[in-house]
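S.K.: Need a 3D model of the following:
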Amino acid sequence: MKVTTTRAFRQQYINTYQYADFDNFEDYFLYLHLNDKVLWMHFIGATISTPFLPWAVYCMYHGDFIPFAACVALFYGGGFSSHWLNEGKISRTTPDYGPSYFYVINLNFRVLTRQLQTYKAAYMQKYPHTLWVYSTDYPMPPALRSAEESHP
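M.R.: Alright, predicted model coming up:
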């Protein structure tokens, strides 16, 4: 999704919606990854680190933990830094590493196979009320706007 809101705006509002606001964790996870820059940083970190993982595990088996630590740091560091640099905060999926790991792999696969736009389009049709966080083309929901105006 072409993001037109500022980093400061997203930092303030990205956590407006929580897991309970979506039908499932996958939809919530995609909401936190609608920013294409975030997705591409995840993809690049995973793409660079994953091929080295077998070698890193081999090194770890032989007592050298540094290559494995570097792979893990690159894989997760790409994701964490993408949220911090582009949204101003780390997403709230961190307590859910199991599902998060699965869904980030799923998102990376969709980037690789060019299925991401169809996946995002279905999300956007299902949850159009969340898109204002990322795009100025969508209005802030009236209830949030009135609450914002009453608390300057």
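S.K.: for the protein, what helix or strand is lowest in average pLDDT?
M.R.: Counting by mean pLDDT, DSSP states H and E, the weakest-scoring helix or strand in the chain turns out to be helix 142-150, with a mean of 72.
S.K.: How far off centre is whichever strand or helix holds residue 109?
M.R.: Using DSSP states H and E, residue 109 sits in helix 97-112. Its chain's C-alpha centre and that of helix 97-112 lie 10 Å apart, by CA atoms, centre = their mean, to the nearest Å.
S.K.: Return the set of buried residues in it.
M.R.: 100, 103-104, 107-108, 110-111 (16 or more other CB atoms under 10 Å). (Glycine included, C-beta is placed from N, CA and C.)
S.K.: Identify, from those residues, the entry nearest to residue 58.
M.R.: residue 108 (23.3 Å; CB to CB).
S.K.: Give me the nearest residue to residue 52, chain neighbours excluded.
M.R.: Residue nearest to residue 52 in three dimensions, not counting chain neighbours: residue 71, with 5.4 Å by CB to CB, 6 or more residues apart in numbering.
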